[in-house]
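Asks: here's a sequence, model it:
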Amino acid sequence: MSKVIMIQGTMSNAGKSLLVAGLCRIFRQDGYRVAPFKSQNMALNSYITEEGLEMGRAQVMQAEAAGMKPLVCMNPILLKPTNQTGSQVIVNGEVLGNMSAREYFACKRKLIPDIKKAFLKLEELADIIVIEGAGSPAEINLKENDIVNMGMAQMVDAPVLLVGDIDRGGVFAQLLGTLMLLTEEEKSRVKGLFINKFRGDKTILDPGIEMLEERGGIPVLGVIPYMNLSLDDEDSLSERFSEKKAGCIDIAVIRYPRISNFTDFNVFEQQPDVSVRYVTSVSELKSPDILFLPGSKNTMSDLKWMRQNGLEAAVKKLSEEIPVFGICGGYQMLGYEISDNDCVEEGGTIRGMELLPVVTALKKEKRRCQVTGALESLPGVFACLNGMEYEGYEIHMGTTEYAEAYNGNHEELPVVLGGKGNVYGSYVHGLFDRGEIAAAVIKALAEKKGITLENGTIMDYQAFKETQYDILADTLRQYLNMEEIYGILREAKLE
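Replies: Numbering: from 1, shown residues only. The predicted structure is shown next:
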């Protein structure tokens, strides 16, 4: 039977995902077989496994840190928001259907057997399982029938480490308030506290830590500094969305309300002369060197949003001057038309931006697969990519084909389609993760701009992430009381 330990947070974005990844890396370095687990994840960043199953991107990141192949049993339930009150519910990697929040709340207890089965499967593979909670365990309106925080901890008898975010302020109120709202049984599971994202002189913090331990009755096992790491994010709270200054090569990404899989662009952040900015208005757009339209969980709604706020017109104008590249939902938007006869999103038909000669029909069946191959037939500024090998995955609702007026012979679309000017589209997520492809993109943009970058190489993104996991583990070893954490692990699940 695996030893288990669980990381819960006082709020979303307190740092749970990175702490789980860091502990997974440490336990792996210490010679253990370790795996991450999150019973229920709500995120628009997802991944497709070798088996063609869908899971949350955060658990993929944690699996990489643990040195394990991503498995859907690490994240048996994934909720992908489709609007303000509903989500697509994915169970064991397969789409169960779209549900309102109330519908899901009423039925989620029925998914407990799926959670237990996934966890048992993971126990066969790991000596240690590091579980991540979601949001806060003190959401008193959601505690009934909880399956992801204290309900999950009780399900597998896991000790809990609670983390608060000092960078947002009020960390003592966060931690003490959370403990006050737990039942005595729940509080007894909390074996240690973490203060995350600390900047400054810790000696100034020490009196507060003493009072926190005195009032909470639980030891503080680590004050973790603010870390500038480049690792995949879970949701729209990502700090990548904060305003940034344009670099020598300025990459702009449209941040729609339902943006998904924005991890496609993380690879470009390695090079100091390159900036990746996420924009929500025409005024923020400015004069980028390339514009990306990322994936979307509600393509038709996000296209309407762009049409209403003027971004569509700005994109069409910029496409005459710079490369515009759509991925997945962004690819669909760049075509002539999107139809939704099956009411996958909103129903009906909507005109696209008419920059790529394709039409898309949304379908209830989701395409989920990993893909590999070599790029070919790219025109324009990115013709330099032809012949380069790629790997990635597709995950989309709908089929895209050439528009009848453009090609009545229905030829198969290339992996990356080039349109008029320098407009491109593809369904492949992770297309740029191979370092040579990302580096070639940056080099082509620099040549188009008439400049030379000092550092023209970009490390393969997977190799780069391995360095980040090691930095994360080294930092946590320095600032966490790992002896106490191992002691908590030894005491866990003794039955």
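
Asks: how long is stretch 62-77 from one end to the other?
Replies: 16 Å (Cα to Cα, to the nearest Å).

Asks: and for stretch 51-71?
Replies: Chord length of stretch 51-71, first to last residue, is 9 Å (Cα to Cα).

Asks: next: stretch 322-337.
Replies: Taking Cα to Cα, stretch 322-337 runs 23 Å from one end to the other.

Asks: stretch 30-45 too?
Replies: 30 Å.

Asks: does Lys69 count as helix, strand or coil?
Replies: Following DSSP: H, G, I helix; E, B strand; the rest coil, we place Lys69 in the coil state.

Asks: got the contact list for the nearest residue to it once chain neighbours are set aside?
Replies: Distances taken as Cβ to Cβ, 6 or more residues apart in numbering put Ala63 closest to Lys69, at 6.9 Å, once the chain neighbours are dropped. The way it works is simple: take the backbone N, C-alpha and C, and place the C-beta from them, glycine included. Contacts of Ala63 were listed using Cβ atoms under 8 Å, 6 or more residues apart in numbering, and they are 24, 35-36, 69-71, 74.

Asks: tell me the SS of Met55?
Replies: strand.

Asks: can you report how many residues neighbour the nearest residue to it once chain neighbours are set aside?
Replies: Closest residue to Met55 apart from its sequence neighbours, by Cβ to Cβ, 6+ apart: Asn75 at 4.3 Å. By other Cβ atoms under 10 Å, 32 other residues sit near Asn75.

Asks: I'd guessed Asn75 sits against Asn41; true?
Replies: Yes. At 5.2 Å, Asn75 counts as touching Asn41 under the criterion of Cβ atoms under 8 Å.

Asks: overlap in contacts of these two?
Replies: 55-56, 59.

Asks: quick one on the thing from earlier: and the residue nearest to Lys69, which of the three is it?
Replies: Strictly by three-state DSSP, Ala63 counts as helix.

Asks: going forward, the N-terminal residue is numbered 486.
Replies: In the new numbering, first residue 486, that becomes Ala548.

Asks: separation between it and Phe522?
Replies: Distance, Ala548 to Phe522, by Cβ to Cβ, to the nearest Å: 10 Å.

Asks: what residues do the two have in common as contacts?
Replies: What both Ala548 and Phe522 touch, as defined by Cβ under 8 Å, 6+ apart, is the set Met559.

Asks: before we move on, the earlier item: next, the residue nearest to Met540: phi, psi?
Replies: phi -150, psi 80 (degrees, to the nearest 10).

Asks: that one: what's it in contact with?
Replies: Taking Cβ under 8 Å, 6+ apart, we find Asn560 in contact with 522-524, 526, 540-541, 544.

Asks: mind checking which of the residues you listed are buried?
Replies: 522-524, 526, 540-541, 544 (16 or more other Cβ atoms under 10 Å).

Asks: which stretches of the stretch 786-935 of the chain have low pLDDT?
Replies: 890-895 (pLDDT under 70).

Asks: how about the strands in it?
Replies: Along the stretch 786-935 of the chain, counting by DSSP state E, counting those that start in this stretch, strands occupy 809-812, 822-825, 833-836, 843-859, 874-887, 901-903, 908-911.

Asks: so for Glu921, which of those sits nearest?
Replies: strand 874-887 (8.6 Å; Cβ to Cβ).

Asks: hmm, back to that, so for the residue nearest to Met540, what's the pLDDT?
Replies: pLDDT recorded at Asn560 is 98.

Asks: wait, doesn't Leu529 sit right on Asn783?
Replies: No. Counting by Cβ under 8 Å, Leu529 stays clear of Asn783, with 9.9 Å between them.

Asks: tally of neighbours for the closest residue to Gly814 other than its chain neighbours?
Replies: Of all residues not flanking Gly814 in the chain, Ser781 sits nearest, at 3.2 Å (Cβ to Cβ, 6+ apart). The number of residues packed near Ser781 is 28, by other Cβ under 10 Å.

Asks: and of the contacts of Ala548, the nearest to Arg792?
Replies: Of the contacts of Ala548, the one sitting nearest to Arg792 (Cβ to Cβ) turns out to be Pro555, at 36.5 Å.
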